[in-house]
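Q: What shape does this take:
(2 chains)
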2 protein chains.
Amino acid sequence: MTNPTAGQGPGRGGVRLARLAAIATLLAAPVQAAPPTVPVTAAELGLMQGFPTAPDKRVSRENFMQYPYSRWAFQHIRELQPTRDMYRGDGPVTPIATAPADLDSLSFTLVGGKTISLEKWLEESVSDSFLVMHKGKLVYERYFNGMSRPSQHQMFSATKSFVGTLVLCLIDEGAIDPAKLIQDYLPELRGSAFGDATVQQVLDMTTSIEFNEDYADPDADVWKYGYVFGISVPPADYRGPASIYEYLATLKRAKRPHGEGFLYVTPNTDVLGWLSSRVSGKSVSQQLQQRIWQRLGIERDGYMWLDALGEEMAGGGLNITAADAARFGQMILQKGEFNGQQVIPMAVAEKILQSGDHAPFNRLYQDPWYEQIGFAYHDQWWTFATPHKPVSAIGVFGQFIYIDPVAQMVIVKQSSHPQAESEANEVEGPQIWHAIAEHLMKQP
Amino acid sequence: MTNPTAGQGPGRGGVRLARLAAIATLLAAPVQAAPPTVPVTAAELGLMQGFPTAPDKRVSRENFMQYPYSRWAFQHIRELQPTRDMYRGDGPVTPIATAPADLDSLSFTLVGGKTISLEKWLEESVSDSFLVMHKGKLVYERYFNGMSRPSQHQMFSATKSFVGTLVLCLIDEGAIDPAKLIQDYLPELRGSAFGDATVQQVLDMTTSIEFNEDYADPDADVWKYGYVFGISVPPADYRGPASIYEYLATLKRAKRPHGEGFLYVTPNTDVLGWLSSRVSGKSVSQQLQQRIWQRLGIERDGYMWLDALGEEMAGGGLNITAADAARFGQMILQKGEFNGQQVIPMAVAEKILQSGDHAPFNRLYQDPWYEQIGFAYHDQWWTFATPHKPVSAIGVFGQFIYIDPVAQMVIVKQSSHPQAESEANEVEGPQIWHAIAEHLMKQP
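A: Modelled structure (predicted):
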């Protein structure tokens, strides 16, 4: 992988919040060198057990982003941070029919020759949940590490695809013009990296942004995003931005033009969250609650992670159950129709399901794996050039809502992998899901 | 009112957490001198509206305990603090039948001659919700200040009655002996104010405790309870207890013997929460979830406010909807039976419904109003000597679950009054509820 600018390379998988996680890890303790073959569970470790919890078993704001503390934390973000509920409403739950398929015995041969069973891969990729929907039915549902169906799990950057969906809905309604500049809607961002970028460029993350990621510089931008949301603990003398909106205005443009190339920078999505709120008069969680969750008939309230001023982490703060994530993915697969109604406009779902343009994606990233899987990114969704042209929401540490329109398959994976971006999740995962799709398509 | 020891007098209503609220108020801004006749709502003030919220409209950890910021905060504690969910489960909601009674036109003449209508009193007492159950049916249900049926509201010390109920259940099962000393269960508290007190003395708040409430002393105990839970913001150089358990061990005995007199000290309940967790192996929220909420068929998850180490505020951290509080009160009224099952043992509910002993209550408190209403306190419940012998959970700023066994009436009130203890809530409230009971009993 070639870094497009010094100190600016996104990791394999291109998921930006990874860097913040890495920082938190660096701050808190030595980096976990290699992923475990058999991950330890929160319960086996005794994390947050006992009254009181022993000091070495505590999960805190200082260590929660770090494995193995993350094994507990990613199911309990609201026990560490301020959060805002997304109420499911008092309507009935939309049932998901089940049609169990025997996938446990499936074995996969991956690029490079490694052979692994589904069960072993779920372990190696440090899964907390893994659900497979096929033709609208739940064919496989597994929970690990103390998780169960009602558990709400941190989605990290998979959140971005929800925010992108909201913005596409507002565009469809004519409330936002994708060709307009961000500063037309958010004059506060005039002069920042985002002011003279178009809405579409922010959606596609082709903005030109100078994102200072020099870890030796205590004033680096990358630290401050973490400070704003309690991802990492600021120094006692920290005097930087207190909220995400203040923070966004501090980011500067790089020299290249907007639109030239894709560069994964999480704050783009925070701009979109702000934009959607300015235009709709509602926070991201309120919009999701009204437009999506209450119409999907979800099982359990979701919630959003907040900064100290009560603003939401649009870039990565969603916490939902695996089953509700599956409902969302199924709704996209069904072109917006779910629970007997058109939840989002068909045109919006069809746009999400389109393949992205590889040219801007590859301009700043030259990674053999990116080439192989054929990644692209548009409208806050990842797309793959593999035969079924799947699209996916992706978050660090192994969060996925993967939609295969050819196989009519939706996969949800929630994880607490030690590595923000791992071989097991980002490289092996898509290969395995494609193999599962092929297997399911062969079933009578 | 005579203070039992220097700097130790509980306020009118005897609700201890009041002092902490008062501290937060003192810290944050000038004290509101008099309650408003017409309270302003959070929406009218524009609190937490806009993207971003204007600086003077922000509710933060610095101002949230102070009116008018509290008008927003008491419905949104989890947007400010870490919290732990109490999951309602996936079972059906137990419906509450409605039989609307026309109470709006009721007018009351209070002791002293003041005449006021129910509507006006609900306004003057700065209500957020007011529900009246009569013979198991909801006869009156009103929400104010942006609150609606699914809103979860901070209950403050009304939480204590839930914790007392859990401990009575554990006593009923033989898991706790009320005659044993606290240090028999919690050796960490040996040498503290609580170590050689019996469980029953802690339940009844007749422990002998030196509770340093000297506001000029930065090391005073009373500050530290607030610091532990983020009720008030500690100074930058604060090096005191980080968790409630550490804090409890720092409290010292007074010279008088345990059992001599009632003194309202919130940490007694935190000892009970700890005791119940030590014995059951479950946090207070887990116990409530399993024993009470999931069996009542509540409408919406509740939640508990946590300290920085993830321990729960048993003394005042419960957040629930008004309708679910009504279900709990109705279950107590029905001697533990609700939703077709015995939720708590009949003997426990009968003990809760017993009148308290006024002798220990009046030993350290001589307040004409206490005498008039005939307050007593046992097992973490308030009792009144008025003709119907009601019992009540009570929390500062106007939180009540009031149970009248003669009228078969349950009243829930949630409020955000500027004063922790107010004439409108603590003095006028019980008179008005008694009059409502008499009115309902006369209906055909």
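Q: any weak-confidence spans in the stretch 201-350 of chain A?
A: Within the stretch 201-350 of chain A, the ranges that satisfy pLDDT under 70 run A:213-215.
Q: where along the stretch 301-444 of chain A do the strands fall?
A: Listed in chain order, the strands of the stretch 301-444 of chain A (DSSP state E, counting those that start in this stretch) span residues A:302-305, A:318-320, A:337-338, A:341-342, A:376-378, A:381-383, A:391-395, A:399-404, A:409-415.
Q: With the stretch 51-200 of chain A instead?
A: Along the stretch 51-200 of chain A, the segments classed as strands by DSSP E, counting those that start in this stretch run A:83-86, A:107-109, A:115-117, A:127-134, A:137-143, A:153-154.
Q: So for chain B, which of the strands of the stretch 301-444 of chain A sits nearest?
A: Across the strands of the stretch 301-444 of chain A, the minimum distance to chain B, taken as C-beta to the nearest C-beta, is reached by strand A:302-305, at 8.2 Å. C-beta: built from backbone N, CA, C; applies to glycine.
Q: A:Val199 contacts A:Arg278, doesn't it?
A: No. Under the criterion of C-beta atoms under 8 Å, A:Val199 lies out of contact with A:Arg278, with a separation of 11.7 Å.
Q: Now for those two: what residues contact both?
A: Listed contacts common to A:Val199 and A:Arg278 are A:Tyr185; contacts here mean C-beta atoms under 8 Å, 6 or more residues apart in numbering or on different chains.
Q: end-to-end on stretch A:141-155?
A: From the first residue to the last, stretch A:141-155 extends over 18 Å; the measure is C-alpha to C-alpha, to the nearest Å.
Q: Pull out the buried positions in that stretch.
A: Neighbour-count burial for stretch A:141-155, with 16 or more other C-beta atoms under 10 Å in any protein chain shown as criterion, is recorded at A:141-147, A:150-155.
Q: next one: stretch A:290-297
A: Under the neighbour-count criterion of 16+ other C-beta under 10 Å, stretch A:290-297 has A:291-297 buried.
Q: any residue of it up close to chain B?
A: No. Applying C-beta under 8 Å from any C-beta of the partner chain, one finds stretch A:290-297 separated from chain B by no less than 11.3 Å.
Q: State the distance from A:Ile77 to A:Val228.
A: Relative to A:Val228, A:Ile77 is positioned 15 Å away (C-beta to C-beta, to the nearest Å).
Q: most packed of the strands of the stretch 51-200 of chain A?
A: Across the strands of the stretch 51-200 of chain A, the average number of neighbours (mean count of other C-beta atoms under 10 Å in any protein chain shown) peaks for strand A:153-154, which reaches a mean of 28.
Q: chain center to it: distance?
A: Taking C-alpha atoms, centre = their mean, to the nearest Å, one finds the center of strand A:153-154 at 10 Å from the center of the full chain.
Q: And stretch A:185-202, by the same measure?
A: Stretch A:185-202 has its C-alpha centroid displaced from the chain centroid by 23 Å (C-alpha atoms, centre = their mean).
Q: thinking again about what came up before, in helices, which of the buried residues of stretch A:290-297 fall?
A: The helices in this structure, assigned by DSSP state H, contain A:294-296 from these.
Q: any chance of those in a markdown table, with distance to A:Ala325 too?
A: As requested, those are exported to a markdown table (distance: C-beta to C-beta, whole Å):
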| residue | distance to A:Ala325 |
| --- | --- |
| A:Gln294 | 16 |
| A:Arg295 | 15 |
| A:Leu296 | 10 |
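Q: I appreciate the help and will end here.
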